[in-house]
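In: curious how this folds, go ahead:
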Amino acid sequence: MSASGAGVPRGPRVWLRAFVGFYPPRDASAQQLDPIAKFLFSARSVILVISAQAALIAGLLAIADRRFDPLAFLLVLVGFVTAHAISNLSNDYFGYRRGHDTADSPRMRYTMHPVASGILDTRTLLIGVLLLGAVGLAIVRFFWATRGPGALAFALAGAALLYLYDAAPRPLKSMGLGEIAAFLVWGPLMVGGGYFVITGRLSTTAFLVSIPYGLGVMSILVGKHIDQAGFDRAHGQRTLPVVLGERRARALTRGVIAAMYLFVAVLVVLRLVTPFALLVVAALPRAARALGVLTRPRPDAPPAGYVGWPLWYHRVCLVHNRLFGWVYIAGLALGAVVAAVWGG
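Out: Next comes the predicted model:
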């Protein structure tokens, strides 16, 4: 490839690619990306879909209850994705500063690292985080003014958990609590809190409906931490899989995936959601694939053409949860349409 970067895609097409598929491989072509693409890939935009899905679930619950506010929903969507991007960039920044993201670390092997790979210099990364933070603070200020102190409480709780996860002097990630924090953030806080700021009302149903999705996000993180448990153990990172051991952690992840479907069924039986939510069965083949992979030890080497190594359990859990999220959203959307048409 020439120094001019001939053949490297630029513009909206490559920006869109940052949000789909799996993590892009770490290679020299990343240096030739345009600045926006560099920032999107550095923020690990492919995983930001889980925050967008949480916002959509909150919005659909508001529609079903006839309390939907389009502007509030749009701000929730932007706010969730912005906060997630800040978290990803912050994790990489502090991981690099603390010496965790070394050349032999899993983080440096499966995709580009914004600082260690030289994609972004520290100054550019911090400026980007500050700009994203300004957007997030503006959204929080709007909801504080329109929804009162409850909105501020949700925002502060989410910000605290994101900070405590990896940026705090003794992060939750190193105490076997990071995976629980992920469940709380992408489940009750995002969906239940999102519903509150969209509608101005708390809803027990919204918190309960958030549980299957929050469990799915937790499965993604547990899978990732199983993949890097050996490195984490050697470097004093006591993630949940390090605390439990690999076999128990894989069993826990299987239980979490099964609980996602069981809880959706309970929600339907309790009539907290319509039977359309059972569309999640469309994700069962991917769940079966994930469960099958989780029953076996990780191979010593990746299959031919595999993208994202050394991530193995993480990838299969991410692929499953992404589809689960979309079909869960589809079921809730159909339920909202039925409520609008036959609800009077």
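
In: secondary structure class for residue 67?
Out: Judged by DSSP: H, G, I helix; E, B strand; the rest coil, the three-state class of residue 67 is coil.

In: which residues touch it?
Out: With contact set as CB atoms under 8 Å, 6 or more residues apart in numbering, residue 67 has these partners: 198, 199, 200, 201. For every residue, glycine as well, the C-beta is placed using N, CA and C.

In: same question for residue 323.
Out: 282, 283, 286.

In: max pairwise distance over the contacts of residue 67: which two?
Out: When the contacts of residue 67 are compared pair by pair using CB to CB, the two farthest from each other are 198 and 201, 9.3 Å apart.

In: okay, those two: which has more neighbours?
Out: With other CB atoms under 10 Å as the criterion, residue 198 and residue 201 differ in neighbour count, and residue 198 comes out ahead with 28 against 13.

In: that one and residue 130, how far apart?
Out: In this structure, residue 198 lies at 27 Å from residue 130, with CB to CB, to the nearest Å as the measure.

In: same check, this time on residue 17
Out: Residue 17 is 26 Å from residue 130, by CB to CB.

In: what do you get for residue 332?
Out: When CB to CB is applied, the distance between residue 332 and residue 130 equals 35 Å.

In: the two - which one has more neighbours?
Out: Neighbours were counted for residue 332 and for residue 130 using other CB under 10 Å; residue 332 has more, 23 against 10.

In: helix or strand with the lowest mean pLDDT in this protein?
Out: Taking mean pLDDT, DSSP states H and E as the measure, the chain has helix 106-110 as its least confident helix or strand, at a mean of 70.

In: report the buried residues of the helix or strand hosting residue 216.
Out: Under the assignment given by DSSP states H and E, the secondary-structure element containing residue 216 is helix 204-227. For helix 204-227, the neighbour count (16 or more other CB atoms under 10 Å) marks 205-227 as buried.

In: and for residue 151, nearest residue in space, chain neighbours not counted?
Out: The shortest distance from residue 151 to any residue other than its chain neighbours is 3.8 Å, reached at residue 143 (CB to CB, 6 or more residues apart in numbering).

In: low-confidence ranges, this structure, go.
Out: Counting by pLDDT under 70, the chain has low-confidence residues at 1-10, 21-31, 99-104, 108, 110, 343-344.

In: quick one, the helix ranked longest in it and helix 204-227 angle?
Out: The longest helix of the chain (DSSP state H) is helix 313-342. The directions of helix 313-342 and helix 204-227 differ by 160 degrees, with axes from the mean of the first three to the mean of the last three CA atoms, to 10 degrees as the criterion.

In: name the residues of helix 313-342 that are buried.
Out: For helix 313-342, a neighbour-count test (16+ other CB under 10 Å) marks 313-336 as buried.

In: for residue 113, see how far away residue 322 is.
Out: The spacing between residue 322 and residue 113, counted by CB to CB, is 23 Å.

In: and for residue 260?
Out: 31 Å.

In: now do the same contact list for the residue lying closest to residue 186 once chain neighbours are set aside.
Out: Computed as CB to CB, 6+ apart, the closest residue to residue 186 that is not its neighbour in sequence is residue 217, at 3.9 Å. Taking CB under 8 Å, 6+ apart as the definition of contact, the neighbours of residue 217 are 50, 182, 183, 185, 186, 187, 321.

In: mind putting those into a markdown table with secondary structure and distance to residue 270?
Out: Below are the contacts of residue 217 laid out as a markdown table (DSSP: H, G, I helix; E, B strand; the rest coil; distance: CB to CB, whole Å):
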| residue | secondary structure | distance to residue 270 |
| --- | --- | --- |
| 50 | helix | 25 |
| 182 | helix | 25 |
| 183 | helix | 21 |
| 185 | helix | 25 |
| 186 | helix | 22 |
| 187 | helix | 17 |
| 321 | helix | 23 |
